[in-house]
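S.K.: Okay, sequence plus prediction incoming.
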Amino acid sequence: MKLQKKVMACSILAIISSTSVTAEEATEAHQLSANVAMTTDYIWRGISQTDNGPAIQGGFDYAHSSGFYAGTWASNVEFGAGDDSHIEIDLYGGFTNEFNGISYDVGIIHYDYPSESNLDFEEIYIGLGYKAFSIKVSHTDDFGGSDDATYYEAGADFELPKGFGLSLHAGHSDLDAGADDYNDWKVGVSTEFKGFGFELAYTDTDENGGNIYDEHGVFTISKSF
């Protein structure tokens, strides 16, 4: 979700005329970015969103030096026979900053499925981070049309030798009555080469709801701009 840092010329001129800041300062205050990725499977909270098939994904982000951000992201999806969803579009915004070495992030995200609007829902979230470690809680009262759902997650990211990175993730889905709660986890190794990102990950859950919940090996290539 990252484009090269720039500000539209008209925005820079408006800022300069009203505040007398330099173009360099304006660019530092406002950042646009984008990314694109190809992955062998779109895994969301341990569950395949593409019926164990590949996905092409990408999005755009705006970030302000105050900590405010907003963006959009999309991916193809496939939920099986009887469901017409073929694309997911996420819209989100929030505020992130750091205090005494502890980072925080609060925001809201809307998940949109243009061909199946009954699947649309919003989540609010709050996250904290300290050094390599992070925790986050996301909540919705509209999951599956009317149900409450809360997702708790924790992660850690470590630098490895030779420019590699190790990411660890564990999550718990607390679902409303009529659906089973479940846990998911992920271990990923990543690196960069010639401006591209590469990740090989293993994911799994303890839910027995079918092969979309089963263990997956996922390979992803990404590019940020």
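M.R.: Great, that's in hand.
S.K.: Residues in contact with stretch 155-169: which ones?
M.R.: When contacts are defined by CB atoms under 8 Å, 6 or more residues apart in numbering, stretch 155-169 is touched by residues 132-136, 153-154, 170, 185-192, 201. Bear in mind the C-beta positions are built from the backbone N, C-alpha and C, glycine included.
S.K.: rerun that using 10 Å as the cut-off
M.R.: With contact meaning CB atoms under 10 Å, 6 or more residues apart in numbering, stretch 155-169 is reached by 45-46, 127, 129, 131-136, 153-154, 170-171, 184-193, 197-199, 201, 203.
S.K.: Which ones among those residues map onto strands?
M.R.: 127, 129, 133-136, 153-154, 170-171, 184-193, 197-199, 201, 203 (DSSP state E).
S.K.: of those residues, buried ones?
M.R.: The neighbour count (16 or more other CB atoms under 10 Å) marks 127, 129, 134, 136, 153, 171, 184-186, 188, 190, 197, 199, 201, 203 as buried among these.
S.K.: Extract the residue ranges of this protein that are flagged as low pLDDT.
M.R.: Across the chain, residues meeting the criterion (pLDDT under 70) sit at 1-26, 145-146, 177-178.
S.K.: Which strand or helix spans the residue most central in space within the chain?
M.R.: For the chain, Trp73 is the residue whose C-alpha lies nearest the centre (CA atoms, centre = their mean; 8.2 Å). Under the assignment given by DSSP states H and E, the secondary-structure element containing Trp73 is strand 68-76.
S.K.: Could you do Asp148 as well?
M.R.: Assigned by DSSP H and E, Asp148 belongs to strand 147-159.
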